[in-house]
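> sequence below, structure please.
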Amino acid sequence: MTGESPPEPPADAPAYVVEPLERQSADRLRELAAWAAKLADHKATTGPDGDHQEEFRRHVEAAGYSADPTDYEGVPDRAYISIKEPQDGYEYAYWQWRSEPDVDAPDMNQAIGSLDES
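I've put the predicted structure just below:
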């Protein structure tokens, strides 16, 4: 990649985050990226983001599905619920998780089911 410009940070990234990161080595950035991915997964299931998880769990259970990831084959206990609306008026629930702690690891998902009233 010699001679190429570094990638641009997100437009809304604060300078107090971007500037220190630009001074780090590639190895250090990879370590920080892996930690940031784990932190994001943690925040998705706890804290302010996790407030939605309790609501999502109730919504999934009200539709007749289990809200326990261990009840689903291949879903790790660190998975969190994501609810999507692929079409107006239709909601669908999924389990989501990162396949590995590495930031470059793909996000994984497994369908729970439709949350629409039958």
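
> chain neighbours aside, what residue packs nearest to the residue nearest in space to the middle of the chain?
For the chain, the residue nearest the mean C-alpha position is D41 (5.4 Å; C-alpha atoms, centre = their mean). Among residues not flanking D41 along the chain, R98 sits closest, at 5.7 Å (C-beta to C-beta, 6 or more residues apart in numbering). All C-beta spots, glycine's among them, are computed from the backbone N, C-alpha and C.

> look at V17 and tell me its secondary structure.
Assigned state for V17: helix (three-state reduction, DSSP: H, G, I helix; E, B strand; the rest coil).

> ok, now which ones touch it?
By C-beta atoms under 8 Å, 6 or more residues apart in numbering, no residues touch V17.

> 10 Å - rerun?
By C-beta atoms under 10 Å, 6 or more residues apart in numbering, the residues touching V17 are P9, P10.

> how close does it get to L32?
11 Å (C-beta to C-beta, to the nearest Å).

> do N109 as well
25 Å.

> what bridges to the residue nearest to D41?
Beta-bridge pairing of R98 under DSSP bridges involves D107.

> spit out the contact partners of it.
34, 37-38, 40-41, 44, 76, 78-79, 104-108 are the contacts of R98 under C-beta under 10 Å, 6+ apart.
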